[in-house]
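J.: heads up, no residue letters with this:
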């Protein structure tokens, strides 16, 4: 049986029913979603590493041979690399990790692998499962810790994509009784509803609302639907986004 969803107007009224893509019927796989989110987040990490010669660009040297010229033996100073000063004098200890401004013992390596890859098929299955979670009322209400007064998933008519002002988007969210969730997200610094569209001016208008993420279908990732690896984020889809969403899962 094909899942159906109510299409809402910008005034918050149901105008018709629409068939949902089969991807919303995907079995729930919280384990795959967690792996996919961690993988996507790892690709955002900034590679870092220490300068190869950090702490070593100095004249400090150590002569360990007994009675050799410049050796530190019998001079009452540590047997460590010392700066070379004029007239053969020895200065401060350098180069070693415990010296002032010496090199670090184990600095971060720029060659370290920080990206956690995931199999592409598993990633697509995780995305499909996250979409299925967004249509499950129990999961969405549990994650938002509040009752949702509209049918899930929330599908908006295509005129929603043409909204160019933030205040107009806010009016739509108010008509859907979602302002309480926005206030909670703003107060707690958490994620508010996600908006998925095919394109349009709403991409810029909705981006100015605190806690709200708005993405195109082609850019939709698992971490958008499951921030912090927890699926069930309240999501608004434009009607145009549904067929494009189905195309992403065509084998």
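T.: Nice, thanks for sending it over. Just so it is clear, the model here is predicted, and its values are computed rather than measured.
J.: C-alpha only now, for contacts and for neighbours.
T.: Noted.
J.: Low-confidence regions, the chain specifically.
T.: Along the chain, the model assigns pLDDT under 70 to residues 251.
J.: ok now do the residue in the chain sticking out farthest from the centre, which residues does it touch?
T.: The centre of the chain is farthest from one residue, residue 67, which by Cα atoms, centre = their mean lies 60.8 Å away. If you count contacts by Cα atoms under 8 Å, 6 or more residues apart in numbering, residue 67 has them with residue 73.
J.: quick one: it and residue 94, what's the gap?
T.: To residue 94, residue 67 is 22 Å away according to Cα to Cα, to the nearest Å.
J.: give me the element the residue at minimal distance from the centre of the chain is part of.
T.: Among the residues of the chain, the smallest C-alpha distance to the mean C-alpha position (Cα atoms, centre = their mean) belongs to residue 41, namely 4.5 Å. Following DSSP states H and E, the helix or strand that holds residue 41 is helix 30-42.
J.: Can you give me the buried ones in that helix?
T.: Of the residues in helix 30-42, those buried under the neighbour-count criterion (16 or more other Cα atoms under 10 Å) are 30, 32-40.
J.: ditto for stretch 39-58
T.: With burial defined by 16+ other Cα under 10 Å, the residues of stretch 39-58 counted as buried are 39-40, 55.
J.: Looking at the residues you listed, which is nearest residue 174?
T.: Proximity of the buried residues of stretch 39-58 to residue 174 (Cα to Cα) peaks at residue 40, which lies at 32.0 Å.
J.: what angle separates the top helix by length along the chain from helix 30-42?
T.: Taking DSSP state H as the criterion, the chain has its longest helix at helix 120-134. Between the axis of helix 120-134 and that of helix 30-42 there is an angle of 110 degrees, by axes from the mean of the first three to the mean of the last three Cα atoms, to 10 degrees.
J.: Chain neighbours aside, what residue packs nearest to residue 94?
T.: If the residues on either side of it in the chain are set aside, residue 94 comes closest to residue 102, at 5.4 Å by Cα to Cα, 6 or more residues apart in numbering.
J.: Count the residues that sit near that neighbour.
T.: The local packing of residue 102 (other Cα atoms under 10 Å) involves 17 other residues.
J.: What backbone torsions are found at it?
T.: With angles defined as degrees, to the nearest 10, residue 102 shows backbone torsions of phi -80, psi 180.
J.: Hmm, residue 55 and it touching each other?
T.: Yes. Under the criterion of Cα atoms under 8 Å, residue 102 is in contact with residue 55, at a separation of 4.7 Å.
J.: what touches both of these two?
T.: Both residue 102 and residue 55 are in contact with 94-95, where contact means Cα under 8 Å, 6+ apart.
J.: which SS class is the residue nearest to the residue nearest to the centre of the chain when sequence neighbours are not counted?
T.: Using Cα to Cα, 6+ apart and skipping the chain neighbours, the partner closest in space to residue 41 is residue 223 (7.6 Å). State at residue 223, reduced to three classes by DSSP: H, G, I helix; E, B strand; the rest coil: helix.
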